[in-house]
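>>> Below: sequence and its predicted model.
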Amino acid sequence: MTRIITLFCFFIAQFGFSQQAGNYLEKIRNNEALLTAFFQQMPKGGDLHHHFSGSIYAEPLLERAIAEDFYLNIETMEVSKTKPAKGNWQTFSSIKNNGKLDYYEQQIMQTWSAKDYNGVSVPSDDLFFDSFMKFEPTIAGHFAEGMLELKKRAIAENVSYIETQLSTIPCDMNVSDLTDFSTKLRQAASQKDEKAVLKLLDELYKSLQQKDAKKYAIDFNNNFLAKLHKDLKIDDERFTMRYQNFVLRFMEPVDLFKNLVIAFISSSESKLTAGVNIVSPEHGQNSMKDYWLHMVMFKYCHSKFPDVKYTLHAGELTLGLVQPEDLTWHINDAIYIAGANRIGHGVDIAYEANSYDLLKYMSKNNIPIEINLTSNEFILKVKENRHPFTLYKEFNVPIVISTDDAGILRTNMTEQYVLLAKRYPDVTYSTIKQYVYNSINFSFIQDASVKKQLLKDLDAKFKTFEDKFKN
């Protein structure tokens, strides 16, 4: 009886400290500096919408390019390890000898990231999506440095878990004999003939199996992912990382499906992988033309690998970026056709056909939305009451807060919570705390014991944090 009373008193006291933390948040809600200090110290759980290459800050990438004397295209700010045949390329050593290194360093920082962005020189979405190819050569062969940088930064701001999209799976499989499938798949997709598409995918899947698709997945899992993760000792008592496989929307149907099958195999064979995703600009030509087909591909792969989870970039669109009618169906198809377990961005939800029914379905089936405030503001110019955050909250859709591409966007997880608290004053501390727990509960971690430990650690970290407000 005494023990029960003691535990009861403990929980009452801790509830009081949580309430006091909430009271303090209300007191400082309009002061960005105080909010930053508050959320910097608050446990933030996991970052579930996270692109590895886009999350590395430009400074170390530039330092590497200079140290290894890369070639720089002085017109586009793209770098290359070797000198391409076309374009005006100069080595960094020659640029330094000519006394122009400082000038080009500034240009590079403004091209590889949102640093000093003026909103005029180039469309923000173009700057964002074009930046990847410009700095990508500096990432190859240096995944270890990036992973350790991300881990160190996460620990410093009280993020305990990252679910990152690390790398595409290398594959040199020859599919030249299967190219006719691309035409056939697009023809069937143009008629929305799902039965015909699934039949074609079944034939294509059998051909990929004969070409030993599994070996690419196993090689990636064992000789890259597991080795890197183990050698770097990424997981410890302070931090955990898992990896999403992903495919590129702009590829031809046969190539995309080949990569998607390998991605699903990889996820089904390794506990380090945390599902599958699809990336690249959603408003791109192939992305728009093949979107419905891509969703059917995910549906097909799910039928073959039912235990593999997947989150989909869907509805990262806004009025003006595409035609109005193209805002009405992407999230619908990602959920109802592809069967997505989570949705990334979901910015066009207000325009989606039967959006109320869709929101109710997401709520009822616990399909979370990954909210990326800085990203949506920079790329789509959607923020504050134009952002659908409140709409998702109104319908009780599970919400997780994420960074997307913190390096390119020059942001971090702390800033996402600062923006959340400042822009949406009806979001209480207890609600924010729920979003933090959502980031672990709705993660795709395969090992239940790992997820359980992360939640236990989160309890302890919140107790320590809230104890700061007991006076």
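Great, that's in hand.

>>> Which residue ranges of this protein form strands?
46-51, 71-73, 79-80, 89-91, 161-165, 240-248, 273-279, 311-314, 342-345, 369-371, 399-401 (DSSP state E).

>>> Would you mind pulling up the elements that the longest one packs against?
Yep, that's strand 240-248 we're talking about. Here strand 240-248 touches helix 143-156, strand 161-165, helix 253-269, strand 273-279, going by 3 or more Cβ pairs under 8 Å, 6 or more residues apart in numbering; DSSP states H and E. Where you see a C-beta, it was placed from the backbone N, CA and C, and this is true even at glycine.

>>> Just tell me which of the ones you listed ends up closest to residue 382.
strand 273-279 (19.2 Å; Cβ to Cβ).

>>> got the angle between the closest one and helix 253-269?
Comparing the axes of strand 273-279 and helix 253-269 via axes from the mean of the first three to the mean of the last three Cα atoms, to 10 degrees yields an angle of 160 degrees.

>>> what does strand 273-279 rub up against?
51, 163, 165, 221, 225, 242-249, 260, 263-264, 266-267, 294, 298, 301, 308-313, 341, 344, 443-446 (Cβ atoms under 8 Å, 6 or more residues apart in numbering).

>>> quick one on the thing from earlier: got the strands of the chain as JSON lines, with distance to residue 194, mean neighbour count and mean pLDDT columns?
Formatted as JSON lines, the strands of the chain follow (distance: least, Cβ to Cβ, whole Å; neighbours: other Cβ atoms under 10 Å; pLDDT from 0 to 100):
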{"stretch": "strand 46-51", "distance to residue 194": "28", "mean neighbour count": "27", "mean pLDDT": "98"}
{"stretch": "strand 71-73", "distance to residue 194": "44", "mean neighbour count": "21", "mean pLDDT": "98"}
{"stretch": "strand 79-80", "distance to residue 194": "43", "mean neighbour count": "20", "mean pLDDT": "98"}
{"stretch": "strand 89-91", "distance to residue 194": "48", "mean neighbour count": "16", "mean pLDDT": "98"}
{"stretch": "strand 161-165", "distance to residue 194": "28", "mean neighbour count": "24", "mean pLDDT": "98"}
{"stretch": "strand 240-248", "distance to residue 194": "20", "mean neighbour count": "24", "mean pLDDT": "98"}
{"stretch": "strand 273-279", "distance to residue 194": "18", "mean neighbour count": "25", "mean pLDDT": "97"}
{"stretch": "strand 311-314", "distance to residue 194": "17", "mean neighbour count": "27", "mean pLDDT": "98"}
{"stretch": "strand 342-345", "distance to residue 194": "21", "mean neighbour count": "27", "mean pLDDT": "98"}
{"stretch": "strand 369-371", "distance to residue 194": "26", "mean neighbour count": "26", "mean pLDDT": "98"}
{"stretch": "strand 399-401", "distance to residue 194": "30", "mean neighbour count": "24", "mean pLDDT": "98"}
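
>>> now the ones you listed as TSV including distance to residue 110?
As requested, these are exported to TSV (distance: least, Cβ to Cβ, whole Å):
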stretch	distance to residue 110
strand 46-51	20
strand 71-73	14
strand 79-80	15
strand 89-91	18
strand 161-165	25
strand 240-248	26
strand 273-279	24
strand 311-314	26
strand 342-345	25
strand 369-371	27
strand 399-401	27
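
>>> Save the helices and strands packed on strand 240-248 as CSV, and put in distance to residue 383 too.
Shown next, in CSV, are the helices and strands packed on strand 240-248 (distance: least, Cβ to Cβ, whole Å):
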stretch, distance to residue 383
helix 143-156, 24
strand 161-165, 24
helix 253-269, 32
strand 273-279, 22
